[in-house]
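*Asks:* below is the sequence, then the predicted model.
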Amino acid sequence: MPEKLIGSLNGLEEGGKGLRFDVQSKAGEVIPAFVVHFDYQYFAYLNRCGHIAVQLDYMPGEFFSDDGQTLICATHGAEYAPDTGACLGGPCYGVGLDPISIEARDGQLFLISEEYDVVVNDD
């Protein structure tokens, strides 16, 4: 399987700003996604609220609550567990975030999901 590089681990601080990227489904749909650093691990999800398909971050890469313990939807306030994507409260009504399989290696993040490919922006 070819390497699917997402990007560098530089700048991904525990409970801090996340890394945004796009994935493409096998059906050809381009979907925003993100990676966050939490509990000394890296977690990736589709950037879609479980309540309604809007992106979570209020500013690019800003996914965490003020205390850095939950991911929060800036539009409706739904809260999610950073390590599982599970709905913790608010209008997500038990619907969690869609996880994406990743691997951190040699200072880089790689997509290891069979469902998606990384969209490479050539700008």
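*Replies:* In hand now; what should we look at?

*Asks:* what's around A86, how many residues?
*Replies:* Other residues lying near A86 total 15 when counted by other CB atoms under 10 Å. No exception for glycine: its C-beta is placed from N, CA and C like everyone else's.

*Asks:* so what secondary structure elements neighbour whichever helix or strand D22 is part of?
*Replies:* Using DSSP states H and E, D22 sits in strand 19-25. Under the contact criterion of 3 or more CB pairs under 8 Å, 6 or more residues apart in numbering; DSSP states H and E, strand 19-25 touches strand 5-8, strand 30-38, strand 116-118.

*Asks:* neighbouring strands - and their directions - for the shortest one?
*Replies:* Pairing partners of strand 116-118, with direction, according to DSSP bridges: strand 19-25 (antiparallel).

*Asks:* buried residues in the strand it pairs with, which are they?
*Replies:* Buried residues in strand 19-25, defined by neighbour count with 16 or more other CB atoms under 10 Å: 19-21, 23.

*Asks:* dump stretch 97-108 to PDB, restricted to CA.
*Replies:* Only the C-alpha atoms of stretch 97-108 are listed here, as PDB (Å, rounded to 0.1, in the frame of the first residue of the first chain):
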ATOM      1  CA  LEU A  97     -17.400  11.600  15.100                       C
ATOM      2  CA  ASP A  98     -16.200   9.300  12.300                       C
ATOM      3  CA  PRO A  99     -12.700   8.100  13.100                       C
ATOM      4  CA  ILE A 100      -9.900   7.800  10.600                       C
ATOM      5  CA  SER A 101      -7.000   5.400  11.100                       C
ATOM      6  CA  ILE A 102      -3.600   7.100  11.200                       C
ATOM      7  CA  GLU A 103      -0.100   6.300  12.300                       C
ATOM      8  CA  ALA A 104       2.600   8.600  13.600                       C
ATOM      9  CA  ARG A 105       6.100   7.700  12.500                       C
ATOM     10  CA  ASP A 106       9.400   9.500  12.100                       C
ATOM     11  CA  GLY A 107       7.800  12.900  12.900                       C
ATOM     12  CA  GLN A 108       5.100  12.500  10.300                       C
END
